[in-house]
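K.L.:
Here's my sequence, what's the structure:
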Amino acid sequence: PHARRSDSDAPADRIEIERLGDRYEEGLEAAGFFFPETKAASMRLNLRNMWSRLSLTRGDVRILHGILRQLTRR
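P.N.:
Prediction:
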């Protein structure tokens with residue numbers, strides 16, 4: 001018999017990863033990461049490409065959201 005994988009172990013889908021990227025981009029924007037302005041577009045694209053190359057699980061995505069939430073608490 002096959003062991004059932006938990007939801008946390010299931011691969012994250014494209015939408016989940018895009019939402020994660022959106023949240024990190026917003027946080028990085030607020031922190032002034034995208035500087036100088038002339039390089040901001042390529043920096044954003046590089047980050048998007050990086051997120052899409054990672055083999056993230058749904059659990060990984062939840063952890064990364066939690067990390068950002070803690071880092072941006074004020």
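K.L.:
Neighbours of residue 57, how many?
P.N.:
Residue 57 is flanked by 17 other residues according to other C-beta atoms under 10 Å. Where you see a C-beta, it was placed from the backbone N, CA and C, and this is true even at glycine.
K.L.:
Distance check, it against residue 50.
P.N.:
17 Å (C-beta to C-beta, to the nearest Å).
K.L.:
Which residues are in contact with the residue lying closest to residue 6 once chain neighbours are set aside?
P.N.:
Counting by C-beta to C-beta, 6 or more residues apart in numbering, the nearest residue to residue 6 once its immediate chain neighbours are dropped is residue 59, at 7.8 Å. By C-beta atoms under 8 Å, 6 or more residues apart in numbering, the residues touching residue 59 are 6-9.
K.L.:
And these, which is closest to residue 21?
P.N.:
residue 8 (19.7 Å; C-beta to C-beta).
K.L.:
where does the closest one fall, helix, sheet strand or coil?
P.N.:
Recorded secondary structure, residue 8: helix (DSSP: H, G, I helix; E, B strand; the rest coil).
K.L.:
which SSE is the nearest residue to it once chain neighbours are set aside in?
P.N.:
Counting by C-beta to C-beta, 6+ apart, residue 8 lies nearest to residue 59, which is 3.1 Å off, once chain neighbours are set aside. Per DSSP states H and E, residue 59 falls inside helix 58-71.
K.L.:
in that helix, what's buried?
P.N.:
Using 16 or more other C-beta atoms under 10 Å as the test for burial, helix 58-71 gives 58, 60-62, 64, 68.
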